[in-house]
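> just coords:
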């Protein structure tokens, strides 16, 4: 599609306005040059720091070269939607000795994939109604896309030392989505990095997964271990998980820039089923039908029931010993026929017994 400079600028302004009407807090536009990000990705993969996430290497350069993934792509429209909700006591207390379950804030509400995808599709349809048919494709964690480097280039924030995107007025509690398009829109400028000398995320990471500024070893990351990793959690890392059963917000909770985060008004991101105050023993007692019912429409469902039990078993082993906890573990052990879950339950019983004898 051919647009004059004035037309392209007017359309970009209109797109950002429409995006805000659809509930996005910010939109930015960038080109497709990800040369530096591609080099860093290849180095990270070569070091094996992606763990078992083989899909990150599966698509070759299509992840870092948008026009290879979607031929004809000239620009990427990147959208930001904030999800921060009022913190509960579980989100502010120590996560090493609580009987309450800790679930990452982004997963307490509805699955963001569907929410953002629908809004971005509505935005694309609105653009089409204004300019006619054009080439585009919508993405929300659904294909090989380097969303954070694209967001940096689009001016939505800088890459923090914890490898999360940080915006000076919004912190890092937000989701990203993209529209790859053949429209020749004007691009936005990057904003400066303001991490400065801060080391908070490095010193607060429970497992030392942030091995250096801007370097994350996923194999040690609690979010990876509780969500992406399907196997036996390494013995030396289990005590460090505390009561975290799905993800970890520690490097965001300690980030000074998140004092500027505002509470979302998005109804879909509000806490469901009181998961922000859930009791580990209560969650451990769920059968599979209850798990599927309570996690319907939630990102949590993607880990499956057995991994859910695995994670909770480890968390129960990390809280102060109590007869009720031991009873819950033995009860589940008796009925469990999954070897992976049994292994983690047995570890928890042994760990609690050893702790009680100290």
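Arrived safely, thanks for sending. Only a predicted model underlies this, so the values are computations on that prediction, with no experimental measurement involved.
> could you look up the SS state of residue 207?
Of the three states, residue 207 takes coil according to DSSP: H, G, I helix; E, B strand; the rest coil.
> same deal with residue 234?
Assigned with three-state DSSP, residue 234 falls in the coil class.
> that one: neighbour count?
Using other CB atoms under 10 Å, residue 234 has 13 neighbouring residues. (C-beta placed from N, C-alpha, C; glycine too.)
> where's it relative to residue 241, distance?
Noted for residue 234: a distance of 10 Å to residue 241, by CB to CB, to the nearest Å.
> same thing with residue 142?
Going from residue 142 to residue 241 by CB to CB gives 28 Å.
> equivalent analysis for residue 215, please.
To residue 241, residue 215 is 21 Å away according to CB to CB.
> swap in residue 176?
26 Å.
> of residue 142 and residue 241, which one has the most company?
Between residue 142 and residue 241, counting by other CB under 10 Å, residue 241 is the more crowded of the two (23 against 12).
> just checking, the more buried one touches residue 318?
Yes: in this structure residue 241 lies within contact range of residue 318 using CB atoms under 8 Å: 6.5 Å.
> so what's residue 214 up against?
159, 160, 161, 163 (CB atoms under 8 Å, 6 or more residues apart in numbering).
> how about residue 67?
32, 73, 74.
> recalculate using a threshold of 7 Å.
Counting by CB atoms under 7 Å, 6 or more residues apart in numbering, residue 67 touches 32, 73.
> which secondary structure state does it sit in?
helix.
> residue 188 versus that one, what's the distance?
Per CB to CB, residue 67 is found 19 Å from residue 188.
> over to residue 356?
57 Å.
> who's more crowded, the two?
residue 188 (18 against 11).
> where does the stretch 51-200 of the chain have low pLDDT?
Low-confidence segments of the stretch 51-200 of the chain, defined by pLDDT under 70: 87-97.
> longest helix in the protein, please.
For the chain, the longest helix by residue count, based on DSSP state H, is helix 112-131.
> immediately after that helix, which helix or strand?
Counting by DSSP states H and E, the next helix or strand C-terminal to helix 112-131 is strand 136-139.
> what does that next one rub up against?
Under CB under 7 Å, 6+ apart, the answer for strand 136-139 is 70, 117, 120, 121, 124, 145, 177, 178, 179, 180, 181.
> give me the buried entries from these.
Neighbour counting over the contacts of strand 136-139 (16 or more other CB atoms under 10 Å) leaves 70, 117, 120, 124, 145, 177, 178, 179, 180, 181 as the buried ones.
> measure the second one to residue 73 for me?
Distance of residue 117 to residue 73, given as CB to CB: 18 Å.
> all strands for the stretch 51-200 of the chain, in order.
75-82, 102-103, 136-139, 158-159, 165-166, 174-181 (DSSP state E, counting those that start in this stretch).
> perfect, I'm done here.
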